[in-house]
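Engineer: Any chance you can model this:
(chains A and B)
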There are 2 protein chains.
Amino acid sequence: MQIAIVLFDRFTALDAVGPYETLGRLSGAETVFVAERTGPVRNEAKSLALTADRTLADVPHPDIVVVPGGPGQTPQMADAALLDWLRAADATSTWTTSVCTGSLLLAAAGLLDGRRATSHWLALDALERFGARPTGERVVFDGKYVTAAGVSAGIDMGLALLGRIAGDEAAQAVQLMTEYDPQPPYDAGSPAKAPAHLVERFRADSRFSAGRARSR
Amino acid sequence: MQIAIVLFDRFTALDAVGPYETLGRLSGAETVFVAERTGPVRNEAKSLALTADRTLADVPHPDIVVVPGGPGQTPQMADAALLDWLRAADATSTWTTSVCTGSLLLAAAGLLDGRRATSHWLALDALERFGARPTGERVVFDGKYVTAAGVSAGIDMGLALLGRIAGDEAAQAVQLMTEYDPQPPYDAGSPAKAPAHLVERFRADSRFSAGRARSR
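Structural biologist: Residues are numbered from 1 along each chain as shown, chains lettered A, B, ... in the order given. Sure thing, here's the model as predicted:
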């Protein structure tokens, strides 16, 4: 079982590391970080770099594809090399997954047409424009396509998919060892729960808002 | 405000990336990954590498120190270079923090003597042997020392500390943008909640159990 986690310039680190630290603990699985070129790939803040150990071409047939999001997703929407690789990898994958705005990349590759899916809460409208049927759920399974909401939702997705593949006990064991017994100090993790003025501020500033350049 | 996140061979990735993606979003802060040498640092599974952009010597006086854990923590307990740096950095830090077994490194440096602290649930006894007073809490504040339980608890710690430093609204904004509205598919994230046979199996296999070599 091979798990390929895609990296690209200005990805969001936790989008990638959440599934890595949960799903990636699947017994017998090999996880590999892939990008167009090998070497360090910087996140949106530039202060973190994860190493891509293999190129996309090196890993043509992963069993599981994981696509993170982040501000760098916007230029990737026009990157034929990545979209071509996603289509080809998806043709033989067992599971094709995303976290946050990674689902927009799957949708741009034509993989989510008419499918139920999710994304970062600020990107749900954009996801619909690319042909998917967005839901407000945190983790969405539609056939072999599994999409997670923003950033931290990749942890929940990783555990849920691990349970599907290896059984409940395997997933519970990973939950226990990663001590995933969340106790957030606030209850502001979704637009329905956060202070309304914060939600409005982020909507106005979003790169997905109608008034802004798409490439921000 | 400078935040230094320490890396060492065989660290656990989410221990470092949880605080990075929450606390690291503190407005105006510079976050830097530091290690004895610059360059990629591999986690315990070897399939992930985060780049250390600066050496420990390059960053002598961070405002906030973050020490992750992971299996590589055991040999680091005898690494004078790291322990000396921790003591020196702590002398001028505003906050000294850890995730998971990172608290054992703080304790080995003599920084948690008599202090309330926490660690991965398998390491609480070891933490006590090094002079701290372990609690079962997920995030523990004792003066400027902030310790988190295993792996994923660094997310809760990062948000809690961000709230202390920048106020509730700043932390809520980060929680909203990272969509940290956890919905674990199981309720097995602590030894009190997980199936008892899993807890027993991990206790028996732990590198902290009395019957095993300390260096495992």
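
Engineer: Relative to chain B, how far out is A:Val199?
Structural biologist: For A:Val199, the distance to chain B (C-beta to the nearest C-beta, to the nearest Å) stands at 7 Å. C-betas here are computed from N, CA, C, even on glycine.

Engineer: quick one, what contacts the residue lying closest to A:Gly102 once chain neighbours are set aside?
Structural biologist: When the adjacent residues along the chain are set aside, A:Gly102 lies closest to A:Val67, with 3.6 Å between them (C-beta to C-beta, 6 or more residues apart in numbering or on different chains). Contact analysis of A:Val67 by C-beta atoms under 8 Å, 6 or more residues apart in numbering or on different chains lists A:6, A:86, A:97-99, A:102-103, A:105-106.

Engineer: Determine which two of those are furthest apart.
Structural biologist: Between any two of the contacts of A:Val67, the greatest separation by C-beta to C-beta is 14.4 Å, found for A:Leu86 and A:Val99.

Engineer: Helices of chain A, residue ranges please.
Structural biologist: A:13-22, A:73-76, A:80-92, A:102-108, A:124-129, A:153-166, A:168-177, A:196-205 (DSSP state H).

Engineer: Show me the residue at the heart of chain A, geometrically.
Structural biologist: With distances taken as C-alpha atoms, centre = their mean, the residue of chain A nearest its centroid is A:Val99 (1.9 Å).

Engineer: surely that residue meets A:Ala13?
Structural biologist: No. Shown here, A:Val99 and A:Ala13 do not form a contact pair, counting by C-beta atoms under 8 Å, at 11.0 Å.

Engineer: Any idea what the residue nearest to the centre of chain A is bridged to?
Structural biologist: Under DSSP bridges, the beta-bridge partners of A:Val99 are A:Ala148.

Engineer: quick one: contacts for it?
Structural biologist: Applying C-beta under 8 Å, 6+ apart, we find A:Val99 in contact with A:15-16, A:18-19, A:66-69, A:147-148, A:150-151, A:153-154, A:157.

Engineer: Please name the residues that touch the closest residue to A:Ala107 other than its chain neighbours.
Structural biologist: Using C-beta to C-beta, 6+ apart and skipping residues adjacent in sequence, the residue nearest A:Ala107 is A:Phe130, 3.6 Å away. Contacts of A:Phe130 were listed using C-beta under 8 Å, 6+ apart, and they are A:104, A:107-108, A:112.

Engineer: Recalculate using a threshold of 10 Å.
Structural biologist: A:77, A:103-110, A:112-113, A:117, A:119, A:123 (C-beta atoms under 10 Å, 6 or more residues apart in numbering or on different chains).

Engineer: swap in A:Glu169?
Structural biologist: A:Glu169 makes contacts with A:163, B:186, B:188, B:194-195, B:197-198, as judged by C-beta under 10 Å, 6+ apart.

Engineer: can you list these in a markdown table and add distance to B:Leu23, pLDDT and neighbour count?
Structural biologist: Below are those laid out as a markdown table (distance: C-beta to C-beta, whole Å; pLDDT from 0 to 100; neighbours: other C-beta atoms under 10 Å in any protein chain shown):
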| residue | distance to B:Leu23 | pLDDT | neighbour count |
| --- | --- | --- | --- |
| A:Gly163 | 30 | 98 | 19 |
| B:Tyr186 | 27 | 98 | 21 |
| B:Ala188 | 27 | 98 | 24 |
| B:Ala194 | 28 | 97 | 23 |
| B:Pro195 | 33 | 97 | 15 |
| B:His197 | 36 | 97 | 9 |
| B:Leu198 | 31 | 97 | 18 |
